[in-house]
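> sequence first, then the predicted structure, then my questions.
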Number of protein chains: 2
Amino acid sequence: MARFRQIDRGGPLPDLIAAQIMAQLRSGELREGDALPTETALAGMLGVSRNVVREAIARLRSDGVIDTRQGRGAVIRPLSERATFRIDTAALGSIENLVDLFELRGLLEIDAAGIAARRRSDTDLAAMEAAIDAMAGASEFDELQLEADARFHRSLGQATRNGYLSTIIDYLSSRLKETTRATGRVYTRDDLIDVTIGEHRRVFDAVKSGDAEAARAAMAGHIRGAAARLGVPLP
Amino acid sequence: MARFRQIDRGGPLPDLIAAQIMAQLRSGELREGDALPTETALAGMLGVSRNVVREAIARLRSDGVIDTRQGRGAVIRPLSERATFRIDTAALGSIENLVDLFELRGLLEIDAAGIAARRRSDTDLAAMEAAIDAMAGASEFDELQLEADARFHRSLGQATRNGYLSTIIDYLSSRLKETTRATGRVYTRDDLIDVTIGEHRRVFDAVKSGDAEAARAAMAGHIRGAAARLGVPLP
DNA sequence: GGCGGGGAATTTGTCCAACAATCCCATAAA
DNA sequence: TTTATGGGATTGTTGGACAAATTCCCCGCC
C-alpha cells in the first residue's frame, strides 16, 4: 500500500496533499481502481485536520482523477476519464517540454490560420488589423506591444468560429508566455519592430484574401521566426 | 454587485456553488478583477456552511480562476491565466459544440499523423500494427474493438514523441467518446469491419513508409469517414 | 446448508465554533 | 509628510459533532 509522508508546510496544505497524491499516481504507487485511505486515516497520517484532506480530495474529484461516494470511499478513476487538461508550469523548466509545448501551439496556430482564412468575417479582419496597428503604433517595446501581439492571435483564433480551438490556443499561449517570461527569454526591440510586425501582416493579408494555404505558410513562418528569436530549437 | 441565489440540493454542494460562480463569470455578472464576497458572507447568502464554500473556492483557485490570499479575500484572475483547459460535458449536448470538438480533434490527429511519420520508432509501429490486428481479429463488434481503436490512436500519438500533443489528443478523444456514446451515436458492425480497419491500415502504411503528407491525407480521410458514420456534419 | 433481512460499523457529506496568520487601513506619532 | 502601530477584516487550519449512504456480518428462517 502507498505510504503517505508527513507534510511540510510550504504552501496551502490542500495543494500539497493533492500534489502528493498526484505524484504517487504518476510514480505508480497508486493505480487505477485503487482505493484511497479514508479521509480520517489520511488526516492522521499527514498530521492535518480532516477538513484540509477534504479540500484536497475535492480538488482531485473535480479534476476527474478520483471518484468519491458517500459510505464507499474514494477510488482512482481510469486515466482516460480525466476531466481536465492541465499543464504543469514546473514541468516547463525542462527545455524538452518547452519545445514540445511550442510545437503543439505552432500546429494549432497554423491550422487556425488556414481555417480563419476560410471563415473570417469583416469584424474579425478589423480586430486583427487593429491589433497590428497597435503593435506598429506603440512607440516602445513594452507590455503594450506584447498585449497587442496576444490580441492579434486571439482575434485570429476567434475568426476560426471554433470556440474550443481558440480557447486551447489562448490557454497554450498564456502558459508559454508565462514560462518564457520566467526563463528570461525576451524579444529585443529591433526584432519586434522590424520583423515581427511584418510576419503578422503577411498572415493577415493571407487571411484577408481567403487563401488558406498562404495563411498556413505565413503562420508557419511566423512561428519559426518566433521560436528562433526566443532561442527555442524547433525540430 | 452579483447576487447569489440560495442553493437547491441537487448534488454535492461545493460543485453547485462552483458552477454558479462560473455561470456568473460567463454571464458577465462577475468580471476580471472583481472580488468575491467573503467566505462567511457567501455561506450566509447560500444557506450552507463555510466549509462547503471553502471547497468550492478551493476548486476555483486550483483551476486558476480566482486568486485567494489570507487576509485579503478572493479576486477573479484574468481569463488568460486559467490553469486548466476543461471541456464541460454538458455543453456537448449542442451539436455545434460537438462539431467544433470533432474538428479540433481531427486537426490534431492529422498533424500527429504527419509528425509520427517522421519520428516513429519500430516500437511505435509494432504497437500500432498490434492494435489494427486486434481490431481485425475480434470476432464481434464490441467493446474490445473500440478499445483497440483507441489503442491505435494512442500509439500514433505516442509516436509523435510529443507528450503534450498525445495527451491532448487522448483527452479530446475520451470526451468525444463519452458524448457520442451518451447521445446514442454508434457504429454498426459492417462499418467497422469493412471500412474502418482499411482506413487505419492506410494511415499505418503511410506512417511506416515515413511519408508525412500521405499520412496526413490518410488520417484526414479517416476522420472524415468517422464523422460521416457518426452523423457529425463536418464543415 | 443456503438465503434473506436487519442492524451495526464504516465512510463521506455537512455543519458549527474557535483560533492563528495575514492583510488592509485608519490613526497617531515623529 | 512620512513612518509606526494597532485593530478590524478575511482566509487558513483545527477539532468535534451529526446526517446520509454504503458495506458487511450475523442471525433467524426456509
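Thanks, I have the structure now.
> going forward, measure contacts between C-alpha atoms and count neighbours the same way
Will do.
> now the angle from the longest helix seen in chain A to helix B:95-119?
Taking DSSP state H as the assignment, the helix of chain A that covers the most residues is helix A:95-119. Direction vectors for helix A:95-119 and helix B:95-119, defined by axes from the mean of the first three to the mean of the last three C-alpha atoms, to 10 degrees, enclose an angle of 130 degrees.
> helix A:95-119 packs against which elements?
helix A:143-159, helix A:163-182, helix A:197-209, helix A:212-230, helix B:95-119, helix B:163-182 (3 or more C-alpha pairs under 8 Å, 6 or more residues apart in numbering or on different chains; DSSP states H and E).
> could you break chain A into its assigned domains?
In the assignment given by automatic domain parsing, the structural domains of chain A cover A:13-81, A:89-230.
> now do the shortest one: distance from first to last residue.
Separation of the first and last residues of domain A:13-81 by C-alpha to C-alpha, to the nearest Å is 26 Å.
> distance between it and the chain's centre?
Taking the mean of its C-alpha atoms, domain A:13-81 sits 24 Å from the chain's own mean (C-alpha atoms, centre = their mean, to the nearest Å).
> anything in that domain near DNA strand D?
Yes - for domain A:13-81 and DNA strand D, the contact criterion (C-alpha under 7 Å from any atom of the strand) is met by A:13, A:14, A:47, A:48, A:49, A:50, A:51, A:52, A:69, A:70, A:71, A:72.
> residues of chain A that sit close to chain B?
Taking C-alpha under 8 Å from any C-alpha of the partner chain, the part of chain A that reaches chain B is made up of A:51, A:54-55, A:58-59, A:62, A:80-87, A:97, A:100-101, A:104, A:107-108, A:111, A:162-165, A:167-168, A:170-171, A:174-175.
> which of these are buried, as a ChimeraX select command?
The buried residues among these can be selected in ChimeraX (16 or more other C-alpha atoms under 10 Å in any protein chain shown) with this line:
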select /A:51,54,55,58,59,62,81,82,83,84,85,86,87,100,101,104,107,108,111,162,163,164,165,167,168,170,171,174,175
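> hmm, back to that, can you list the helices and strands packed on helix A:95-119 in TSV and add mean pLDDT and distance to DNA strand D?
Putting the helices and strands packed on helix A:95-119 into TSV (pLDDT from 0 to 100; distance: least, C-alpha to the nearest atom of the strand, whole Å) gives the following:
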stretch	mean pLDDT	distance to DNA strand D
helix A:143-159	89	28
helix A:163-182	86	22
helix A:197-209	94	41
helix A:212-230	93	35
helix B:95-119	95	31
helix B:163-182	86	22
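> need the nearest residue in space to the residue positioned nearest the centre of chain A, chain neighbours excluded.
When chain A is reduced to its mean C-alpha position, the nearest residue by C-alpha atoms, centre = their mean turns out to be residue A:172, at 3.1 Å. Spatially, and ignoring its direct neighbours in sequence, residue A:172 is nearest to residue A:105 (6.3 Å; C-alpha to C-alpha, 6 or more residues apart in numbering or on different chains).
> ok, back up a step: of the residues of domain A:13-81 next to DNA strand D, which belong to strands?
residue A:69 (DSSP state E).
> and the residues of domain A:13-81 next to DNA strand D, which are buried?
Applying 16+ other C-alpha under 10 Å to those flags A:13, A:14, A:48, A:50, A:51, A:52 as buried.
> min pLDDT across these, which one?
The lowest pLDDT within these belongs to residue A:13, which sits at 83.
> how near is the residue of chain A most remote from its centre to residue B:114?
Relative to the centre of chain A, the most outlying C-alpha is that of residue A:71, 36.9 Å out, by C-alpha atoms, centre = their mean. Counting by C-alpha to C-alpha, the gap from residue A:71 to residue B:114 is 49 Å.
> now residue A:155
Looking at residue A:155 against residue B:114, where the rule is C-alpha to C-alpha, the gap reads 27 Å.
> over to residue A:228?
22 Å.
> between these two, which has more neighbouring residues?
Each of residue A:228 and residue B:114 had its neighbours counted (other C-alpha atoms under 10 Å in any protein chain shown), and the higher figure belongs to residue B:114 (25 against 12).
> show me what contacts that one?
Residue B:114 makes contact with B:207, B:211, B:212, B:213, B:214, B:215, B:216 under the criterion C-alpha atoms under 8 Å, 6 or more residues apart in numbering or on different chains.
> what's the neighbour count on the closest residue to the first one other than its chain neighbours?
The spatial neighbour of residue B:207 that comes closest, neighbours along the chain excluded (C-alpha to C-alpha, 6+ apart), is residue B:117 at 4.0 Å. Residues lying near residue B:117 (other C-alpha under 10 Å) number 27.
> now swap in residue A:151 and tell me
Neighbours of residue A:151 under the rule other C-alpha under 10 Å: 20.
> my guess is it contacts residue A:131. True?
Yes - in this structure, residue A:151 sits in contact with residue A:131. The criterion is C-alpha atoms under 8 Å, and the distance is 6.1 Å.
> before we move on, back to that, show me the one of the domains of chain A that comes nearest residue B:126.
With respect to residue B:126, and counting by C-alpha to C-alpha, the nearest of the domains of chain A is domain A:13-81 at 22.2 Å.
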